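>>> Pasting the sequence and the predicted model now:
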Amino acid sequence: MLDMFKGHRGKALETLKKFKSRVWSDAIVKTTRGEFKGIILPRSENDDDRHIVLKLITGYNIGISVETITDIEEIGYKEANYKIPEKEFPFTEGQANIKLFGTGGTIASRLDYRTGAVIPAFSPGELYGAVPELADICNLKTEKIFAVFSENMGSEQYMKLAKAIGKEIKRGIDGIVIGHGTDTMHHTAAALSFMIQNPPVPIVMVGSQRSSDRPSSDAALNLMYATKAASESDIAEVMVCMFGSTSDDYGLLHRGTRIRKMHSSYRSTFRTIGDIPLAMITRDKITTIQKKYHKRKKTTKEMKIIPAWEEKTTLLYYYPDMMPDMIDSMINNGYKGCIIAGTGLGHVNKPLYPALERAVKAGMHIYMTVQTLWGYTHMSVYETGRDLMSIGVIPAENMLPEVAYVKLAWALGQSNDREEVKKIMLTPVCGEITEREPYNGYLIFQGGIPEVEDFIKKVHK
C-alpha cells in the first residue's frame, strides 16, 4: 500500500488517496489553472508535502499545488524503471578499439527521485544500453574510474586518470574517451594536456549540459561525436567534444588548453578562447578547422606522462580595493604559487605591492594573467605593470587564468627552482600559449545591433 504513494506525505498523500491515484500512473490532473497530463512521480524526501510532481509528455517535471487540484483521473499505470541495464558491448572486426573512462557527471547520470537531484549513478557500461548507436562507431571498453561530480575532481583524480590513460595507450588502444561533468571539464582538460604530452592517439573529453532523462539532453549526440573523434580523428591531443550550436547540428573539438565553459545551461557552453576550434564533427564526418595540431601516430605508442602537482597553488581574481592581507594569508599558509587574474593588461592596485614583494621574497611563484580572457598580458606598457614585474610578478602571455593555474600547480609539482619553474611555465606545451591570436579568434556578437541582427536572421531559424 505504501508503494502506491511512494515519497508522498501530508496533504500530497491525502490528495492522492482522495482521488485513488498511484505513483507512476498516467493521469489527467484537473486544477483551477487547467488540465495537465503526465506521469505522477515520487516526491523528493527533501521537498514539501503540498505539491504533486508530474512528468509531462515533453519530459519536463512540474509541481502542482494540491490546493489547486480538483480531480485526478488515472488513465494508465506502469511503474517506471529509471536504471538503464548494462549490456556487453558487441565487437565488430575492423572497427577502432576505444576505451571510455567514466568519472561521473551529467553524461552518466540519472534523476534520483529520493532526493530530486541528478546523481552520477550510471556506470559507463550502461551507456551502450542508452546509446546503442555507439556500436556502429567503434568497439568500446569501459571503466568506471570515478563517480563524482566535476567539482570534486582534483589533483588526485587528474594524476590517477593520466596514469590510467597512459597504460591504455601502451596496451594499444586506438583512442580514449573520458565522460566528465562540464563544470570543471576545462580544468581537467588542461591538467591532462600537461600530464600527457605527445599522445599518439586522440584523448576526447565529453559531457552533457542536460541529463539523459530530459528531452533536450545532449548526452547521446555528444557521446557519438566523441567516440567518432576518438576512432577516426587524426588529431592526437587532449580535446573537449561538445555541442557547437544550440541545436543538434554539429559538435566541436576544442583544444584542452584553450577552452572555457561560457554559459551555465546552454548546450553550446564550451568556446575556444583566443583561437579557433580544432574541428567540427557530425555523425557523418569530421572537418578539421585548425591547420596545426599533433597528429595521430600509427607506428608508436610512446608518449610522456608527467603526473605532478603542488596543492599549495592558488588562483586569485583581483578586484578593486583588494586588501594586502589576502596575499599575506597565502604567505602565512605556505602557498608556493599564485596566478593573479589582473585587470586590463595585467594590473592590481598599489596597496598590494608590498605584500606581493613579501610573497616573492618568501619564495612564492607569482604569475599574472588577464580577466579579459582574450588577449595577452602586457605588463611593460604602463608603469603599474613594470612595477609589478620589478617585484617579481611574471606575465603569463595569453594563458587563460584557469589554465595558468593548472600549469603552475603542475610545474611546481616538478620543481621549486624559480628559473626552472619559469622555463616550464613560459614554454608552450600544447597550445596554452600562442604566438598570436587569429583575427577570428575573438568574436562576440552583440544582439540588437543592426548588422548582427541581420546575420542572426540568416543562421537562426
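Great, that's in hand.
>>> Which residues are in contact with the residue positioned nearest the centre of the chain?
Centre of the chain computed as the mean C-alpha position; nearest residue by C-alpha atoms, centre = their mean is residue 182, 2.1 Å away. With contact set as C-beta atoms under 8 Å, 6 or more residues apart in numbering, residue 182 has these partners: 105, 106, 150, 207, 208, 209, 242, 261, 269, 270. Heads up, the C-betas are built off the backbone N, CA and C, glycines and all.
>>> Then residue 289?
276, 277, 278, 279, 280.
>>> Count the neighbours of the second one for me.
Other residues within reach of residue 277, judged by other C-beta atoms under 10 Å, total 22.
>>> Then residue 20?
Residue 20 has 11 neighbours, counted by other C-beta under 10 Å.
>>> How about residue 332?
Residue 332 has 10 nearby residues by other C-beta under 10 Å.
>>> I'd like the distance between it and residue 155.
Between residue 332 and residue 155 the computed distance is 22 Å (C-beta to C-beta, to the nearest Å).
>>> tell me the domain ranges of the protein?
When the chain is parsed with automatic domain parsing, its domains come out as 2-77, 97-305, 313-426.
>>> nearest to residue 455, of those domains?
Smallest distance to residue 455 across the domains of the chain (C-beta to C-beta): 14.1 Å, for domain 97-305.
>>> Report the contact partners of residue 421.
Contact analysis of residue 421 by C-beta under 8 Å, 6+ apart lists 337, 365, 408, 411, 412, 415.
>>> now with 6 Å?
For residue 421, the contact set (C-beta atoms under 6 Å, 6 or more residues apart in numbering) comprises 365, 411, 415.
>>> Just the buried subset of those, please.
By neighbour count, with 16 or more other C-beta atoms under 10 Å, these hold 365, 411 as buried.
>>> ok so, going back, looking at the contacts of residue 182, which one is closest to residue 60?
Using C-beta to C-beta, these come closest to residue 60 at residue 209, 15.0 Å.
>>> Leaving out sequence neighbours, find the closest residue to that closest one.
Distances taken as C-beta to C-beta, 6 or more residues apart in numbering place residue 267 nearest to residue 209, at 4.8 Å, with adjacent residues excluded.
>>> and the longest helix for the chain?
Counting by DSSP state H, the longest helix found in the chain is helix 155-170.
>>> So what touches the following helix or strand past that helix?
Where DSSP states H and E defines the elements, the next helix or strand beyond helix 155-170 is strand 175-179. Applying C-beta under 6 Å, 6+ apart, the contact partners of strand 175-179 are 98-102, 107-108, 165, 201-205, 226-227, 230-231.
>>> So which of the contacts of residue 289 wins on neighbours?
Using other C-beta under 10 Å as the neighbour test, the contacts of residue 289 are led by residue 278, with 27 neighbours.
>>> all strands of the stretch 151-300 of the chain, in order?
175-179, 196-197, 203-206, 238-243, 251-255, 259-261, 270-272, 279-281, 286-288 (DSSP state E, counting those that start in this stretch).
>>> Mind putting those strands into TSV with distance to residue 51?
Below are the strands of the stretch 151-300 of the chain laid out as TSV (distance: least, C-beta to C-beta, whole Å):
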stretch	distance to residue 51
strand 175-179	33
strand 196-197	48
strand 203-206	35
strand 238-243	33
strand 251-255	37
strand 259-261	32
strand 270-272	35
strand 279-281	42
strand 286-288	47
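>>> Switch the ones you listed over to CSV; also include mean pLDDT.
Shown next, in CSV, are those (pLDDT from 0 to 100):
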stretch, mean pLDDT
strand 175-179, 95
strand 196-197, 97
strand 203-206, 96
strand 238-243, 95
strand 251-255, 96
strand 259-261, 95
strand 270-272, 94
strand 279-281, 96
strand 286-288, 97
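>>> helix/strand/coil for the closest residue to residue 66 other than its chain neighbours?
Distances taken as C-beta to C-beta, 6+ apart put residue 15 closest to residue 66, at 4.4 Å, once the chain neighbours are dropped. Recorded secondary structure, residue 15: helix (DSSP: H, G, I helix; E, B strand; the rest coil).
>>> gap between residue 323 and residue 357?
On the measure of C-beta to C-beta, residue 323 and residue 357 end up 16 Å apart.
>>> With residue 240 instead?
Plainly put, residue 240 is 38 Å away from residue 357 if you go by C-beta to C-beta.
>>> what about those two, which has more around it?
Just comparing residue 240 and residue 357: by other C-beta under 10 Å the higher neighbour count belongs to residue 240, 29 against 16.
>>> List the contacts of the more buried one.
189, 205, 254, 259, 270.
>>> Dump these into CSV; add distance to residue 381 and neighbour count as well.
Formatted as CSV, the contacts of residue 240 follow (distance: C-beta to C-beta, whole Å; neighbours: other C-beta atoms under 10 Å):
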residue, distance to residue 381, neighbour count
189, 31, 28
205, 36, 27
254, 30, 29
259, 28, 27
270, 31, 28
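>>> Out of those, flag the one nearest to residue 383.
Proximity of the contacts of residue 240 to residue 383 (C-beta to C-beta) peaks at residue 259, which lies at 34.1 Å.
>>> The closest one touches residue 269, doesn't it?
No. Using C-beta atoms under 6 Å, residue 259 is not in contact with residue 269, being 9.9 Å away.
>>> Where does residue 22 sit: helix, strand or coil?
Reduced to three states by three-state DSSP, residue 22 is coil.
>>> CA atoms only for stretch 173-181, dumped as CSV, please.
Extracted in CSV, the C-alpha atoms of stretch 173-181 (Å, rounded to 0.1, in the frame of the first residue of the first chain):
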residue,chain,number,x,y,z
ILE,A,173,44.1,1.3,-27.7
ASP,A,174,43.1,3.4,-30.7
GLY,A,175,41.6,6.3,-28.8
ILE,A,176,40.4,7.5,-25.4
VAL,A,177,37.0,9.0,-24.4
ILE,A,178,36.5,10.5,-20.9
GLY,A,179,33.0,11.1,-19.6
HIS,A,180,33.2,14.1,-17.3
GLY,A,181,31.0,16.7,-15.7
